[in-house]
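[1] what would the 3D arrangement of this be:
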Amino acid sequence: MKIYSLHATQRLPISKQEAWAFLSDPKNLKTITPDYMGFHIRSGADRAMYAGQIIEYIVTPAFNIKTKWVTEITHVNEGAYFVDEQRFGPYALWHHKHFIKEIEGGVEMEDLIHYKLPFGFLGRMVHPFLVKPKLDEIFNYRKKKLEDLFGKI
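    Presented below is the predicted three-dimensional model:
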């Protein structure tokens, strides 16, 4: 069983409260997701984030194939971090931790993702040329979009 990880950090010249308000609102995921992914929230984003919250999305990650993705917000420490875990979707495992900490001149945001692909050997075969580049592209898009919205340090 191969578990992959992705680690991303970003510094923004905003307050911890501003960062939390933006990042903890599931509706803002559409803003920081590439348009071609057809991101659409179907349910669960109608109130402030809380542990146990179930959010259902439709995404088009590759080959124009629409996929239902259901995540649960499993942990919330307001203003500091939250964790989302896939309950149904394209991965065999998806565990995403979001951290926010104050630094001089703004905040540092950190994403730490652990994921496992379905389909065993076949999943491991497509990881280096399909899954990993796609995840890198998505997180690079998010980084640029957040810099466009808030500036950079």
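
[2] host element of the residue nearest the centre of the chain?
    Nearest to the mean C-alpha position of the chain, by C-alpha atoms, centre = their mean, lies His96 at 6.7 Å. Per DSSP states H and E, His96 falls inside strand 93-103.

[3] ok, Gln86 touching Thr71?
    Yes - using C-beta atoms under 8 Å, Gln86 is in contact with Thr71, at 5.5 Å. Yep, even glycine has a C-beta here, placed from its N, CA and C like the rest.

[4] any idea how far the closest residue to Met1 other than its chain neighbours lies from Trp69?
    Once flanking residues are discounted, Met1 sits nearest to Lys116: 6.7 Å by C-beta to C-beta, 6 or more residues apart in numbering. Using C-beta to C-beta, to the nearest Å, one obtains 15 Å as the distance from Lys116 to Trp69.

[5] please say which of those two ends up with more neighbours.
    Neighbour comparison, Lys116 and Trp69: the larger count goes to Trp69, with 19 against 15 (by other C-beta atoms under 10 Å).

[6] packing partners for the helix or strand following the strand holding His96?
    Note on strand 93-103: by DSSP H and E, the next helix or strand toward the C-terminus is strand 106-116. With contacts taken as 3 or more C-beta pairs under 8 Å, 6 or more residues apart in numbering; DSSP states H and E, strand 106-116 sits against strand 4-12, helix 16-23, strand 93-103, helix 132-150.
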